[in-house]
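K.L.:
Sharing a model that was predicted from the sequence below.
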Amino acid sequence: MCILLYLVLGYSLGLLLYTTHSLRYFHTAVSDPEPGLPAYVSVGYLDDNLFVECDSDSGRYKPRAQWIKDNVGADYWERGTKRGIAQVQAFGIGMRILMERYNQTGGFHTLQRRSGCEIREDGSIGGSRQLAYDGDDFISFDMNTYTWVAAVKEAEITQRRWNEDTADLQYRKQYTEKGCIEWLRKYQQYGKEALQGREPAAVEVLGKATPDGLTRLSCRVYGFYPRDIAVTWMKNGEMREQETQRGDILPSGDGTYQIQATLEIDPKEGGRYSCLVDHNSLTKPLNVFWDGADIPRHTAPGAARLFSPGTDRGTDACGAF
């Protein structure tokens, strides 16, 4: 489920690593829940650190990091639980409304919301609040004009209704510029030790022949924390930035992250290929060469062994649609 929630985010990868700090909440409701997949789930992240969770099965707002447990009292969890109950009801109503609007009578559908704020490297602040239906953009809050903007025609009714609520528009502005930022700074103090944690990246390179006579090189990078990382293929020491195809950075389920980058080459051209990885857990970029074999080569910093992640680690969270 956490991977599903993360797919709401678009993430572009470059060779520069940034130090923006963020507070993000991800909410997902499904039309056809089943065992292990609640009708509603909400998670909160401080930077890359999962710290709170709420779902319709448990009906409780719960800690997912020790640092939040150590710094807040019972009233914090009680308030979060009350908000969570309201969110379950609101998302359920929203799901039914959108299914009718899209002329859907059944099937599996998702309603997702991402909201939060950030403090950028230069000290400026920003925020976001957007909703998606069945994985596609539905409506978002424009932080420049402080109005809602529909992404599809089905959202135009919602846009008109929400933009007529001037009190709510003012609340969104105040929350983004002040309330959310205050919580972000407070959580940074609570979780500063966890945020300073580092897990080094492990790298696996592999080459496989394709039906058209080319070779697809694959560079899998995993077990790293924090999330920001730069991965690119190189030929004879020169970056092949444009040709490198990167997947999304995804959570591994244990507090670390993973990503895969591929490059298609013509083996007749020759050359020496390597995968260059830069991450702030490394004292210098890691350059792992493909040796021409179709057997994976594993490299972990400081050790000639396969690095395996551990098993587990361990507000405004749960607004109505």
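P.N.:
Cool, the structure landed.
K.L.:
How far off centre is stretch 186-201?
P.N.:
Stretch 186-201 sits 17 Å away from the centroid of its parent chain (C-alpha atoms, centre = their mean, to the nearest Å).
K.L.:
what about it, start to end distance?
P.N.:
Taking C-alpha to C-alpha, to the nearest Å, stretch 186-201 runs 29 Å from one end to the other.
K.L.:
who touches that stretch?
P.N.:
21, 23, 46-47, 49, 51, 65-68, 70-72, 221-226, 229, 255-256, 277, 279-282, 286, 300-302, 307, 309 (C-beta atoms under 8 Å, 6 or more residues apart in numbering). C-beta: built from backbone N, CA, C; applies to glycine.
K.L.:
Give the PyMOL command for selecting the buried subset of those residues.
P.N.:
Applied in PyMOL, the following selects the buried portion of the contacts of stretch 186-201 according to 16 or more other C-beta atoms under 10 Å:
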select buried, resi 21+23+46+47+49+51+65+67+68+72+221+222+223+224+225+226+229+255+256+277+279+281+282+286+300+301+307+309
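K.L.:
Could you tell me whether residue 178 really is in a strand?
P.N.:
No: using DSSP: H, G, I helix; E, B strand; the rest coil, the secondary structure at residue 178 is helix, not a strand.
K.L.:
how many other residues sit next to it?
P.N.:
Neighbours of residue 178 under the rule other C-beta atoms under 10 Å: 12.
K.L.:
these two touch, right, residue 279 and residue 223?
P.N.:
No: at 10.5 Å, residue 279 does not count as touching residue 223 under the criterion of C-beta atoms under 8 Å.
K.L.:
Using the record, which stretches count as separate domains in the protein?
P.N.:
As recorded under automatic domain parsing, the domains making up the chain are 2-195, 202-299.
K.L.:
Could I get the contacting residues of residue 279?
P.N.:
For residue 279, the contact set (C-beta under 8 Å, 6+ apart) comprises 17, 200, 201, 224, 228, 229, 230, 286.
K.L.:
hang on, isn't the fourth one packed against residue 256?
P.N.:
Yes: assessed by C-beta under 8 Å, residue 224 is found in contact with residue 256 at 5.9 Å.
K.L.:
Looking at the contacts of stretch 186-201, which are in helices?
P.N.:
66, 67, 68 (DSSP state H).
K.L.:
Pick the one among the residues you listed closest to residue 135.
P.N.:
The nearest member of these to residue 135, counting by C-beta to C-beta, is residue 68 at 29.7 Å.
K.L.:
Starting from residue 80, give me the distance back to the closest one.
P.N.:
As for residue 68, its distance to residue 80 is 11 Å (criterion: C-beta to C-beta, to the nearest Å).
K.L.:
which residues do those two both contact?
P.N.:
Going by C-beta under 8 Å, 6+ apart, residues that sit against residue 68 and also against residue 80 are residue 52.
K.L.:
strand partners of the one helix or strand residue 140 maps to, parallel vs antiparallel please.
P.N.:
Residue 140 is part of strand 136-142 when elements are defined by DSSP states H and E. Each strand that strand 136-142 pairs with, and the sense of that pairing, follows from DSSP bridges: strand 125-133 (antiparallel), strand 147-150 (antiparallel).
K.L.:
Grab the CA positions of the first one and hand them over as CSV.
P.N.:
The one in question is strand 125-133. These are the backbone C-alpha positions of strand 125-133, laid out as CSV (Å, rounded to 0.1, in the frame of the first residue of the first chain):
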residue,chain,number,x,y,z
ILE,A,125,8.7,27.8,1.6
GLY,A,126,6.1,26.0,-0.6
GLY,A,127,3.2,23.7,-0.4
SER,A,128,0.9,21.5,-2.4
ARG,A,129,-2.5,19.9,-2.2
GLN,A,130,-3.8,17.8,-5.1
LEU,A,131,-6.2,14.9,-5.7
ALA,A,132,-6.2,12.1,-8.2
TYR,A,133,-8.9,9.7,-9.3
